[in-house]
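Participant: output the structure for:
(chains A and B)
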Amino acid sequence: MKSFWALILRDLRLAVREGGAIGTALGFFLVVVSLMPLGLGPDLNLLARIAAGVLWIALLLAALLSLNRIFEADYEDGTLDVLATGPLPLELVSAAKALAHWITTGIPLAVLAPILGILLNLDLNAYPILVATTLLGTPAVSFLGAVGAALTMKTRRGGLLLALIVLPLYVPTLIFGISAVSAGAGPGGLGASFLILAAISLVTVVLGPVAAAAALRVQLQ
Amino acid sequence: MKKENTNRGVGQNAPPLLNPASWNPITVQLIAEDLVIDRGARRVIEGLSFAVRQGEALVLTGANGIGKTTLLRTLAGFIQPFRGSIKLDGGDPELSVAEQAHAVGHANAVKASLTVFENATFWNSYLETGGQSSARIQAALQHFGLEDLAEFPAAYLSAGQKRRLGLARLLVAHRPLWLLDEPTASLDAASSERLVAAINAHTGKGGMAVVATHLPLALDRARTLDLSALKVAA
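Facilitator: Numbers count the residues shown, from 1 in each chain, chains lettered A, B, ... in the order given. This is a model prediction of the structure:
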């Protein structure tokens, strides 16, 4: 367990020192969302109606930008070899790295989402629900992303391949994330979407590291 | 069938390497039996058996591409051998061979944005299951002459200094088996001597080392396994 926390702490420290990945993801999120009102015109009703969908899609795309670094950097400098011979099984190595990615990318994106909601005239009642759903849904983004990152670790400029592998897997998270926010404007339906979103995240937190570790074992040969 | 018998062991003149029955079972030893390793579609190593006893260093030699790195990565558990077995006799039965080994490859596993000390501290807390010991980290850095650079970001180190930091990992956590793949690459003569001293101290305390190298190193209790001789025999 000590090794697990040591690995997370190191990843957090690296993320703060290097800063590039978080900055790029947040900047991309900001730019995509601010382009929407410019492209669609100042129709406030239209913007309010599509706000949840735009925020979720932009969030997924922004997270996608930072996914490829989960394993690639460690693979390139040989760290992954040593991590693999350490006391942690590769499943827990993957879990630690995905968790660190969630903390450094998922949480900042979830926190930025309501601020960008202002640009899209998001219904005021939907703000707390938006924060809750993005916080609840982003673990699935990181843990599924880790599987894609492990598969494309050795591929030079594998970003597009990673997007093709991972984006279809994000569909359930996207659907229930949006429906939770939209349902939140009305009285019913919130609970169900919320619970399914939580279930998706929990399943990926358990199964994602196993799949990622299997991919890493093949890649390290 | 005849082929299989002749290519076991190192060569015809060398003493037989594999005779586990005659050894004291209490001592720790690395035993590889009848290894067959494929890389891609190519058979790199065929019918190799050897043992590294406690306190011994095994030097792997042979031309480029003969399979030194492949053999080391197989011992470290990254590559599954097509046939044969690798075990650490007398080691911790709950751990795999890889978990009881330090594997130092061509890459240094050094993070450029962390300082020298932070790099060493991370490996200590990640690899060492016991308590973290700063004395151990200091000693490791000192052995490889990095104590003055401890607060320096690793990004500003020279290639040789990065290599020394990568090798300092051997000392920040205890592992009975060291697997070193051309450890002297980009090291100067003085640093190579420090490395040799570290390996000799490790084997002197009952550790084992498998070292692939092209340079003659002044290792104590060392035997040489020439993989090209094996190729010729096969």
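Participant: any idea which helix or strand carries the residue nearest in space to the middle of chain A?
Facilitator: Centroid-nearest residue in chain A, with CA atoms, centre = their mean: residue A:141, separated by 3.5 Å. Assessed by DSSP states H and E, residue A:141 sits inside helix A:126-151.
Participant: may I see the buried residues of that helix?
Facilitator: A:126-127, A:129-130, A:132-151 (16 or more other CB atoms under 10 Å in any protein chain shown). Where C-beta positions appear, they are placed from N, C-alpha and C, glycine not excepted.
Participant: how near is the residue nearest to the centre of chain A to chain B?
Facilitator: Note on residue A:141: its distance to chain B, by CB to the nearest CB, to the nearest Å, is 25 Å.
Participant: look up the pLDDT of the residue nearest to that residue when sequence neighbours are not counted for me, please.
Facilitator: Nearest residue to residue A:141, sequence neighbours excluded (CB to CB, 6 or more residues apart in numbering or on different chains): residue A:63, at 4.8 Å. Looking at residue A:63, its pLDDT reads 91.
Participant: low-confidence stretches in the chain?
Facilitator: Picked chain A for this. A:183-189 (pLDDT under 70).
Participant: that's the wrong chain, I wanted chain B
Facilitator: B:1-26, B:131-132, B:231-234.
Participant: which parts of chain B sit against chain A?
Facilitator: B:76-80, B:98-99, B:101-103, B:105-114, B:118, B:122-123, B:125-127, B:129, B:166, B:169 (CB under 8 Å from any CB of the partner chain).
Participant: okay, and which of these map to strands?
Facilitator: Judged by DSSP state E, those include B:101, B:102, B:103 as members of strands.
Participant: next one: phi and psi at the residue in chain A positioned nearest to chain B?
Facilitator: Here chain A gets closest to chain B at one residue, residue A:78, 2.5 Å apart by CB to the nearest CB. When read as degrees, to the nearest 10, the backbone of residue A:78 gives phi 80, psi 0.
Participant: kindly report the same for residue B:97.
Facilitator: phi -60, psi -40.
Participant: wouldn't residue A:51 be in contact with residue A:121 here?
Facilitator: Yes: because the distance of 6.6 Å satisfies CB atoms under 8 Å, residue A:51 is recorded as touching residue A:121.
Participant: of those two, who's got more company?
Facilitator: residue A:51 (25 against 18; other CB atoms under 10 Å in any protein chain shown).
Participant: how about that one, what does it touch?
Facilitator: A:117, A:120, A:121, A:122, A:123, A:126 (CB atoms under 8 Å, 6 or more residues apart in numbering or on different chains).
Participant: same question, residue A:204
Facilitator: A:139, A:140, A:143, A:144.
Participant: name the element the residue nearest to the third one when sequence neighbours are not counted belongs to?
Facilitator: Taking CB to CB, 6+ apart as the measure, residue A:143 lies nearest to residue A:208, with 3.4 Å between them; neighbours along the chain are not counted. Under the assignment given by DSSP H and E, the secondary-structure element containing residue A:208 is helix A:190-219.
Participant: residue A:51 and residue A:135: what is the separation?
Facilitator: 18 Å (CB to CB, to the nearest Å).
Participant: repeat for residue B:54
Facilitator: Residue B:54 is 53 Å from residue A:135, by CB to CB.
Participant: again, but for residue B:77
Facilitator: Following CB to CB, the distance that separates residue B:77 from residue A:135 is 38 Å.
Participant: great, nothing more from me.
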